[in-house]
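fold the stuff below for me.
(one chain, ligands or ions: 1)
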Amino acid sequence: MTFSRATRLIHGQANEDRIHGAVKMPIFQSAMYEHGPGGLRYIRLNNTPNQQSLNHKLAMLEGAEEAVVTGSGMAAISSALLSVLKPGDHMLAQDGMYGGTFSFATNMLRDYGITVQFFDADSPEIWGSLLRPETRALYVESITNPLMKVCDLERAVGFARQHNLVSLIDNTFASPVNFRAAEFGFDLSLHSATKYLNGHSDIVAGAIVGRGDLVRRAEKMLRSLGGSLDPHACFLLDRGLQTLFLRIERHNENAERLAKFLQGHSLVSKVNYPGLSSHPRHARAKQLFSGSGGMISFELHTDVDGADRFIDLLQIPIYAPSLGGVESLVTRPAISSHASLSPSERRHFGIADSLVRVSVGIEPADDLIADFAQTLESIERLAA
Ligand SMILES: *Cc1c(COP(=O)(O)O)cnc(C)c1O
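Modelled structure (predicted):
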């Protein structure tokens, strides 16, 4: 009998973790290993016990052939892209990608003679016209930051297959609980495990998940770039993963309740959340994802100062970048993730300077809603 992913995530492979009967996989704090039949074992080669145990779990989570844990989300993304693309190659990529990836794609890859052509998530009909003989890959994100756009992922996979492109997806925002990108058909699914997979805002890590031959090629690149995850961080990631399903269920529920509350409030002008029927791709998100995730962004009927005051007055969410942890966090993308864009570029992407983004944590939803309600009331009083 095959048990659920949630159970297998907690227990790992049969007996594998019970070294000397230990209920928990110990931390193998050893850089190198005695020569043996398995060949050279070394942390940078990603083949030590803590790494291998995670690799199995990460592959299982997405229904993938293989996976490799990495030292950060960017280590996963840069290694994967450099293993897929060669000088002269061309890649199609969705607009509004994660800032670190955008910078890597537009600055570093260009220096290596690789060109990236961006497309709007809502216009798959033009993808064909962007193809070149040297196009090798298609890159999308499951849910984009900070507007929570959901691209036609089914069409992306189909288009990549039809044109012999490697399909890559950054699946960080949805998490493998809400979307099994590899099983869905993406060749490579990339994660910042710093976010939901670990879930406790205390390590930086990543993962490359997908087709065996491609994961092995990316892992080879990772060895050269040196972006491996150390054993202690592996231990923490494994501990975080054991509650992944519980946490994501709560993130989904909390975000959905908070999004609905915000949408119904007179001071809120717009809410971006795929789980709301007002989201332009709600039907698609519902079909693709088993939950809508924990990320919300919204605009108030106030100016930028009003948005800053709002963030200031909130009591529970911490004003901090990043996302995916147990604690709620709040940011204003115009001065954090999208600060490097010019005001006109931000306007082009639809990111208002007053846009507020919330990584909804796993605190009781009633507390979160009470905090947001009280803060909105204060803002209204201040404006009156
Ligand atoms: C944070 C993040 C990354 C980068 O991950 P690091 O772990 O910080 O290197 C990549 N993609 C998305 C969507 C992210 O949120």
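
and the residue of the stretch 101-250 of the chain nearest the ligand?
As assessed by Cβ to the nearest ligand atom, the ligand sits closest to Ser192 within the stretch 101-250 of the chain, at 3.0 Å. (Glycine included, C-beta is placed from N, CA and C.)

distance of that residue from Leu222?
15 Å (Cβ to Cβ, to the nearest Å).

residue of the chain closest to the ligand, please.
Counting by Cβ to the nearest ligand atom, the chain gets nearest the ligand through Gly73, at 2.2 Å.

so which bits of the least confident helix or strand in the chain by mean pLDDT are buried?
The helix or strand of the chain with the poorest confidence is helix 343-349; it has a mean of 87 (mean pLDDT, DSSP states H and E). Along helix 343-349, these residues count as buried under the neighbour rule (16 or more other Cβ atoms under 10 Å): Arg346, Phe349.

output that helix as PDB, restricted to C-alpha atoms.
Extracted in PDB, the C-alpha atoms of helix 343-349 (Å, rounded to 0.1, in the frame of the first residue of the first chain):
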ATOM      1  CA  PRO A 343       8.100  54.200 -11.200                       C
ATOM      2  CA  SER A 344       7.100  54.000 -14.800                       C
ATOM      3  CA  GLU A 345       8.300  50.400 -15.000                       C
ATOM      4  CA  ARG A 346       6.200  49.600 -11.900                       C
ATOM      5  CA  ARG A 347       3.200  51.200 -13.400                       C
ATOM      6  CA  HIS A 348       3.800  49.200 -16.600                       C
ATOM      7  CA  PHE A 349       3.600  46.000 -14.600                       C
END
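
and whatever helix or strand comes next after it, how far out from the chain's middle?
Sequence order places strand 356-359 as the next helix or strand after helix 343-349, per DSSP states H and E. Going by Cα atoms, centre = their mean, to the nearest Å, the spacing between the C-alpha centre of strand 356-359 and its chain's C-alpha centre is 15 Å.

give me the nearest residue to the residue of the chain closest to the ligand, chain neighbours excluded.
Leaving out its chain neighbours, the residue that sits closest to Gly73 by Cβ to Cβ, 6 or more residues apart in numbering is Ser192, at 2.6 Å.

now do the contacts for that neighbour.
Ser192 makes contact with Ser72, Gly73, Met74, Ala76, Tyr98, Asp170, Thr172, Ala205, Gly206, Gly324 under the criterion Cβ atoms under 8 Å, 6 or more residues apart in numbering.

may I have the phi/psi pair for the residue of the stretch 101-250 of the chain closest to the ligand?
When read as degrees, to the nearest 10, the backbone of Ser192 gives phi -90, psi 100.

can you tell me the SS state at Ser30?
Following DSSP: H, G, I helix; E, B strand; the rest coil, we place Ser30 in the coil state.

go on, Leu168?
Going by three-state DSSP: Leu168 is strand.

I figured it hits Leu190, correct?
Yes - with contact defined as Cβ atoms under 8 Å, Leu168 reaches Leu190; the gap is 6.5 Å.

ok, the residue nearest the centre of the chain - contacts?
Ranked by distance to the mean C-alpha position of the chain (Cα atoms, centre = their mean), the top residue is Thr172 at 1.3 Å. Thr172 sits next to Gly73, Tyr98, Glu141, Ser142, Leu190, His191, Ser192, Lys195, Tyr196, Gly324 when contact means Cβ under 8 Å, 6+ apart.

what about it, which helix or strand?
Element membership for Thr172, per DSSP H and E: none, as it lies in no helix or strand.

is the residue nearest to it when sequence neighbours are not counted in a bridge, and if so with what?
Closest residue in space to Thr172, ignoring its immediate chain neighbours: Ser192 at 4.6 Å, by Cβ to Cβ, 6+ apart. With DSSP bridges as the criterion, Ser192 is bridged to Gly206.

please enumerate the strands of the stretch 251-384 of the chain.
In the stretch 251-384 of the chain, the strands defined using DSSP state E, counting those that start in this stretch lie at 268-272, 295-300, 318-319, 329-331, 356-359.
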